[in-house]
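Peer 1: Any chance you could fold what I've pasted below:
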Amino acid sequence: MKTIKSLCRVAAALAFALAGASAVQAAATITIVNQNAPGEGFNDPTPATPVGGNTGTTLGQQRLIAFQHAANIWGRTLDSSVPIRIGAAFVPLACTANGAVLGSAGAYEIWTDFPNAPRANTWYPSALASKLAGTDLTAPADPHIIARFNSRLGLFPDCLPGSGFYLGLDRRFGNQIDLVTVLLHEMAHGLGFQTFTDDETGQLFFGIPSVWDFHLVDNRTNTPWVAMTDAQRAASAITWRGLSWDGPNVNAAVPRVLGPRSNLNIGGANAGGAAGNYYVGDASFGPPLGSRAVSGQLMPVVEQANGTGLACTPLGANNATAVRNNIALVDRGTCDFVTKARNVQAAGAIGMVVVDNVPGDVVGLSGNDPSITIPSVRITLADGNTIKASLQQRSRTKSGVTATLGLDRTRLAGTDERRRILMYTPSINAPGSSVSHYTTEAKPNQLMEPSINSDLLHVVKPPRDLTFPLLRDIGW
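Peer 2: Next up, the predicted model:
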């Protein structure tokens, strides 16, 4: 029987004394082990007003209550006779005025060849290994999961000012970041929603595969990661739409959870080689693409010397004439997506297509504005260039190129040809995100995508979410 303490997280865990614990009784008992020093993190005495069902009266108390709430959701979902300990702390993490690390969590130890292990010579996270063994494999003073969250978020001018954690339990987070959602996501990583194989080099950890690797498949060859070479794993990890999850519980739940794929169809007399269907990223604002497609002439906004159009200010007369009653094509950059949508909508556009400004894969449009009433989607730079080439011959109000924003009901959003959910594999490796998350193309958005989306519920299982089915596939 082998055990390895998880990566660099060991040093972080040992830097704090155990300052107390609180337990949640459920189908699985989850204990939050407070690893903050006095006066910090969970012990921060800063007065706080109760909010959204969180009755704490200090910042530290409210943080702990939110943690307990998230643990309770997982506790009601899991089944284990071995109590699960989460060593947790709020500490300063990397951040700037425009971006921040919210937090991270993972297995504190990983185990192989323990009693009752379903697969020999395979790494399992310690909480799962202990459940399967029927006894706690981890030393009593050690946690099964280690978690760190940003104590400075939104509280300092150099750390996303005004966008701190919402500590309420009711999802009424407004412009803040819902802590309970973030906690549910990170706890899932600690429970096993991660591989211990290096997604950048493809190397197995100490030459041993993770249980994750048996269900992660290259959907072009239908080969699981465990059967690939290091080079093949590394290549598949940066192949957009190249990796899928192939587990019986997730596969069975996919049709109940995921909806039809959003789609941009390009047609018309002048479409030429641009004609066809395109993958798109959905917007978190405005109406979702639905049963009634929105169709119109595609007209580019052009107000920059290089021929691009940012739509970051109210449209001038020529651009307003071009997009009125048509679908506006604009470029990413300079301002947020909501501002672009607001400006083309004010000019009379019936929809918006945003072309990315850097090479990459399909990503959605973030933001929130209830006044936006037109649908918006995002396409890749490569696809945008293809479509722009068809727009060279146009009048002030017509292009001869028709864009239709709608649904492709023959495909489920975020799935491969066999209706298996795709994993997150951007063409440039994203350490900590690649492979160990679901695709950003899933609809509705899933808890275990690499970004926290505003429409997520405090739910981890079908018919809304596919997180728990994956954990069941690895042994929970």
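
Peer 1: can we go C-alpha only for contacts and neighbour counts from here?
Peer 2: OK.

Peer 1: and the end-to-end length of stretch 254-263?
Peer 2: Distance across stretch 254-263, first residue to last, is 19 Å (C-alpha to C-alpha, to the nearest Å).

Peer 1: Distance from the chain centre to that stretch, please.
Peer 2: How far stretch 254-263 lies from its chain's middle: 16 Å, per C-alpha atoms, centre = their mean, to the nearest Å.

Peer 1: what domains does the record give for the chain?
Peer 2: Split into domains by automatic domain parsing, the chain comes to 2-191, 211-257+413-473, 260-411.

Peer 1: Of all these, which one comes closest to F205?
Peer 2: Among the domains of the chain, domain 2-191 comes nearest to F205, with 8.5 Å by C-alpha to C-alpha.

Peer 1: So for that closest one, mean pLDDT?
Peer 2: The average pLDDT within domain 2-191 is 88.

Peer 1: before we move on, back to that, turn the domains of the chain into TSV, columns for mean neighbour count.
Peer 2: Listed next are the domains of the chain as TSV, based on neighbours: other C-alpha atoms under 10 Å:
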stretch	mean neighbour count
domain 2-191	20
domain 211-257+413-473	20
domain 260-411	19
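
Peer 1: and of those, who's closest to E200?
Peer 2: Among those, if distance is taken as C-alpha to C-alpha, the winner is domain 211-257+413-473, at 5.5 Å.

Peer 1: Can you get me the start-to-end distance on the closest one?
Peer 2: End-to-end span of domain 211-257+413-473 (C-alpha to C-alpha): 9 Å.

Peer 1: Same question for stretch 212-221.
Peer 2: Terminal residues of stretch 212-221 lie 18 Å apart, using C-alpha to C-alpha.

Peer 1: JSON lines please, covering the domains of the chain and showing distance to E200.
Peer 2: Formatted as JSON lines, the domains of the chain follow (distance: least, C-alpha to C-alpha, whole Å):
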{"stretch": "domain 2-191", "distance to E200": "15"}
{"stretch": "domain 211-257+413-473", "distance to E200": "6"}
{"stretch": "domain 260-411", "distance to E200": "17"}
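
Peer 1: so which of those domains gets nearest T201?
Peer 2: For T201, the closest of the domains of the chain is domain 211-257+413-473, at 5.2 Å, according to C-alpha to C-alpha.

Peer 1: Any idea how far the closest one is from the middle of the chain?
Peer 2: Averaging C-alpha positions (C-alpha atoms, centre = their mean) puts domain 211-257+413-473 11 Å from its chain's average.

Peer 1: With stretch 182-197 instead?
Peer 2: Distance, stretch centre to chain centre, for stretch 182-197: 12 Å (C-alpha atoms, centre = their mean).

Peer 1: Identify the residues contacting the top helix by length along the chain?
Peer 2: The helix spanning the most residues in the chain, taking DSSP state H as the definition, is helix 59-77. Residues external to helix 59-77 that are found in contact with it (C-alpha atoms under 8 Å, 6 or more residues apart in numbering): 22-32, 40-48, 50, 54-56, 167-169, 179-181, 183-184, 458-460, 468.

Peer 1: Can you show me the CA trace of that helix as CSV?
Peer 2: The C-alpha coordinates for helix 59-77 follow below in CSV (Å, rounded to 0.1, in the frame of the first residue of the first chain):
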residue,chain,number,x,y,z
LEU,A,59,-16.3,38.0,9.1
GLY,A,60,-14.7,34.8,10.3
GLN,A,61,-17.9,33.3,11.6
GLN,A,62,-19.6,34.0,8.3
ARG,A,63,-16.8,32.3,6.4
LEU,A,64,-17.1,29.2,8.5
ILE,A,65,-20.9,29.1,8.2
ALA,A,66,-20.6,29.3,4.4
PHE,A,67,-18.1,26.4,4.5
GLN,A,68,-20.4,24.3,6.7
HIS,A,69,-23.3,25.0,4.3
ALA,A,70,-21.3,23.8,1.3
ALA,A,71,-20.0,20.8,3.3
ASN,A,72,-23.6,19.9,4.2
ILE,A,73,-24.7,19.8,0.6
TRP,A,74,-21.8,17.4,-0.2
GLY,A,75,-22.5,15.5,3.0
ARG,A,76,-26.1,14.9,2.0
THR,A,77,-24.9,13.7,-1.4
